[in-house]
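[1] what would the 3D arrangement of this be:
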Amino acid sequence: MESEPEEALAWAVAPVLDPLRGDEAFTGASRPADPFTVLDFWRYAMPDLRTNTTRGLLAEFLVHRALGARTRNVEWESFDVLTEDGLRVEVKASAYVQAWDQRRPSAIRFTRLRGRTWNPRDGDAAEPTYNADVYVFALHTAADHTAYDPLDVSQWSFYVLPGPEVEALAQDSLGLATLSRVAGLPVPFDGLAARVRSADPRRAGDGAGAARAVPSPRGHGDARG
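    Model prediction:
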């Protein structure tokens with residue numbers, strides 16, 4: 001059967017689903033005595049919070065919780081966390097310790113600061129852009145495998161920069177030396193929400209975001225982390 005021309009097809013709108021709880025059972029198996037649930041899948045998919053992909057999601061989750069956001073962004077959104085008042089936050093994560101054997105701690109670098117936006121109807125944007133109001137750089141500070149506890153939020157440090165400052169740097173990535181120079185001292189988890197709010201560039205008109213000058217893009221390239 002011939003398919004209809006693409007221009008004649010209507011858009012199928014994906015429904016919004018309720019978040020899974022974890023106890024939902026998979027169905028259709030021929031052995032009902034051997035049930036398995038969504039929680040079993042989660043344990044399979046993310047058994048180790050130290051891996052790069054999962055650690056990035058964990059950092060997003062921590063920022064999400066700190067800011068009191070209620071819903072998770074769709075996977076293809078151009079930023080990671082959206083607050084109730086519309087603040088767009090991008091989260092980048094890095095760590096000294098990885099899930100594999102190491103001779104020495106990893107060099108810290110936060111990458112992919114800009115990217116092409118995408119939506120299902122228009123596709124990719126022509127050029128990469130900086131797409132968040134505030135950038136949070138989450139660093140897991142454990143220096144060896146023995147000390148690493150992915151559930152201890154006190155092991156995270158958070159550097160925060162307004163989006164316009166990140167854009168002014170005109171960099172695709174930042175090492176820790178440059179980040180420390182332009183962002184100042186990091187904050188712990190308990191101070192993250194206040195630091196993000198103080199960096200909100202939308203508040204610059206009332207003086208809240210005007211305390212920091214936007215740095216010159218010159219001289220901020222990173223040869224090393």
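
[2] confirm that residue 61 sits in a strand.
    No - assigned with DSSP: H, G, I helix; E, B strand; the rest coil, residue 61 falls outside any strand and is helix.

[3] what helix or strand does the most centrally placed residue in the chain sit in?
    The residue lying closest to the centre of the chain (CA atoms, centre = their mean) is residue 91, at 3.2 Å. Counting by DSSP states H and E, the element that carries residue 91 is strand 88-95.

[4] contact partners of that strand?
    50, 55-56, 58-60, 63, 67, 79-83, 106, 108-113, 131-140, 142, 163, 176, 196 (CB atoms under 8 Å, 6 or more residues apart in numbering). C-beta: built from backbone N, CA, C; applies to glycine.

[5] what do you get for stretch 120-132?
    Counting by CB under 8 Å, 6+ apart, residues outside stretch 120-132 touching it are 11, 76, 78-80, 88-90, 113-118, 163, 166-167.

[6] before we move on, back to that, distance of the residue nearest to the centre of the chain from residue 105?
    21 Å (CB to CB, to the nearest Å).

[7] burial of residue 118, as a residue count?
    Neighbour count of residue 118, defined by other CB atoms under 10 Å: 12.

[8] how about the one 10 residues further on?
    As a burial measure, residue 128 scores 14 neighbours (other CB under 10 Å).

[9] what's the closest non-adjacent residue to it?
    In space, and not counting its chain neighbours, residue 128 is closest to residue 114: 4.6 Å by CB to CB, 6 or more residues apart in numbering.

[10] wait, the one you found touches residue 172, no?
    Yes - assessed by CB atoms under 8 Å, residue 114 is found in contact with residue 172 at 6.3 Å.

[11] more crowded one of the two?
    residue 114 (18 against 11).

[12] who's in contact with that one?
    128-131, 167, 172.

[13] can you list the weak-confidence ranges in the chain?
    1-8, 32, 205-225 (pLDDT under 70).

[14] can you show me the strands along it?
    81-82, 88-95, 109-110, 118-119, 123-124, 134-140, 156-162, 174-175 (DSSP state E).

[15] contacting residues around the closest residue to residue 87 other than its chain neighbours?
    Spatial nearest neighbour of residue 87, chain neighbours left out: residue 133 (5.4 Å); criterion: CB to CB, 6+ apart. Applying CB under 8 Å, 6+ apart, we find residue 133 in contact with 87-89, 162-163, 200-202.

[16] so which of those residues comes closest to residue 24?
    residue 89 (29.8 Å; CB to CB).

[17] that closest one and residue 73, how far apart?
    Taking CB to CB, one finds residue 89 at 10 Å from residue 73.
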